[in-house]
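Enquirer: compute the structure for the input listed below.
(one chain, ligands or ions: 1)
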Amino acid sequence: MAKASSVQALYELCKKTFAPAGVSPSTHAIRKVSSLMDTISSAEVGLKDDDLEDDRGHGFFGSNLLKNSARTARWAQPITYLHIYECDSFSIGIFCLPTSSSIPLHDHPGMTVLSKILYGSMHVKSYDWIEPAYLMRSAEPDHFPVRLAKLHMDTVLTAPCPTTILYPSSGGNLHCFTAVTPCAVLDVLAPPYSEEDGRCCTYYHDYPYSSFSTENRLEVNEQEDDYAWLEAIRAPPDLYMRSGRYSGPTVQEEFCFPGSCTII
Ligand SMILES: [Fe+2]
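Expert: Sure thing, here's the model as predicted:
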């Protein structure tokens, strides 16, 4: 019998780990998923990592393009999302980023996200909210209040490197990526975004801590550079993302009934 693909193994482990709503998996169980993702190579998901020129990935683009203008296309290569699998409990997909493209600062409300860089280098900056929420009214009219967040990570990650994990309130739940070289990230979202269930993606702008005056300054032993004020913004107009066609091994869904398990 042919060996199951690593994508199939990831699907099966996610299915076991991320049960339908209500039950939170243990940190230990989530780390098992990240350990498995650590072993997955570009080739195993249908990508080549021996050819990193900037126009790579065009072969994966499908016809399901987001409706962005040709004018935008002249200025920036798109970020491509390759969908592998999605159910109510989790999703698996790949983001392919050309050099200098970025996914702006955004949140993952109530979600756990595992990200494995398959090839290339990317700058990652991430924050977690300070709890309880610490809000400041913006001096600018028509601006949302700003909320205090603490820096979790501000570094360049280069493949091969361990899978990163963000949790609902730790590990850098708000993050932004900028591609230093062409790069690709295998992402597991658990659960996926869902407007219906109140898990919308909100984009933010970050301001240095010193941008807003506060009556109560931070504790003496805290570095102000480790904090930032985040303001919710509309989806950035220059975010140019489109769907591509995933060409790696597909997932065979399992439906298990008491005493039997059927693959369809
Ligand atoms: Fe994200």
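Enquirer: from here on, just use CA atoms for contacts and neighbour counts.
Expert: Will do.
Enquirer: tell me which element the residue nearest to residue 19 when sequence neighbours are not counted falls in.
Expert: Spatial nearest neighbour of residue 19, chain neighbours left out: residue 89 (6.3 Å); criterion: C-alpha to C-alpha, 6 or more residues apart in numbering. Under the criterion DSSP states H and E, no helix or strand holds residue 89.
Enquirer: what about residue 89, how many residues nearby?
Expert: Residues near residue 89, counting by other C-alpha atoms under 10 Å, number 16.
Enquirer: what does residue 46 give?
Expert: Using other C-alpha under 10 Å: residue 46 sits among 13 other residues.
Enquirer: go ahead and confirm it touches residue 248.
Expert: Yes: between residue 46 and residue 248 there is a contact under C-alpha atoms under 8 Å: 3.9 Å.
Enquirer: shared neighbours of the two, anything?
Expert: Shared contacts of residue 46 and residue 248 (C-alpha atoms under 8 Å, 6 or more residues apart in numbering): none.
Enquirer: enumerate the positions of the strand ranked longest in the chain that are buried.
Expert: Looking across the chain with DSSP state E, the single longest strand is strand 146-158. For strand 146-158, burial by neighbour count (16 or more other C-alpha atoms under 10 Å) applies to 146, 147, 148, 149, 150, 151, 152, 153, 157, 158.
Enquirer: so which residues of the stretch 1-150 of the chain form helices?
Expert: According to DSSP state H, counting those that start in this stretch, the stretch 1-150 of the chain carries its helices in the segments 6-17, 27-38, 70-75.
Enquirer: dump those helices to JSON lines, plus mean pLDDT, distance to residue 227 and mean neighbour count.
Expert: JSON lines is the format used below for those (pLDDT from 0 to 100; distance: least, C-alpha to C-alpha, whole Å; neighbours: other C-alpha atoms under 10 Å):
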{"stretch": "helix 6-17", "mean pLDDT": "96", "distance to residue 227": "33", "mean neighbour count": "18"}
{"stretch": "helix 27-38", "mean pLDDT": "97", "distance to residue 227": "26", "mean neighbour count": "16"}
{"stretch": "helix 70-75", "mean pLDDT": "43", "distance to residue 227": "33", "mean neighbour count": "10"}
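Enquirer: of all these, which lies closest to residue 124?
Expert: helix 27-38 (17.8 Å; C-alpha to C-alpha).
Enquirer: report the distance from the following helix or strand past the longest strand of the chain to the chain centre.
Expert: Using DSSP H and E, the helix or strand that follows strand 146-158 in sequence is strand 164-166. Distance, stretch centre to chain centre, for strand 164-166: 9 Å (C-alpha atoms, centre = their mean, to the nearest Å).
Enquirer: packing partners for strand 164-166?
Expert: strand 112-119 (3 or more C-alpha pairs under 8 Å, 6 or more residues apart in numbering; DSSP states H and E).
Enquirer: output the strand it packs on as PDB, nothing but the C-alphas.
Expert: This file holds the C-alpha atoms of strand 112-119, laid out as PDB (Å, rounded to 0.1, in the frame of the first residue of the first chain):
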ATOM      1  CA  THR A 112      -4.600  29.000  17.300                       C
ATOM      2  CA  VAL A 113      -2.400  29.300  14.200                       C
ATOM      3  CA  LEU A 114       0.700  27.200  13.200                       C
ATOM      4  CA  SER A 115       3.000  28.600  10.500                       C
ATOM      5  CA  LYS A 116       5.800  26.700   8.900                       C
ATOM      6  CA  ILE A 117       8.100  28.600   6.500                       C
ATOM      7  CA  LEU A 118       8.600  26.100   3.600                       C
ATOM      8  CA  TYR A 119      11.300  28.100   1.800                       C
END
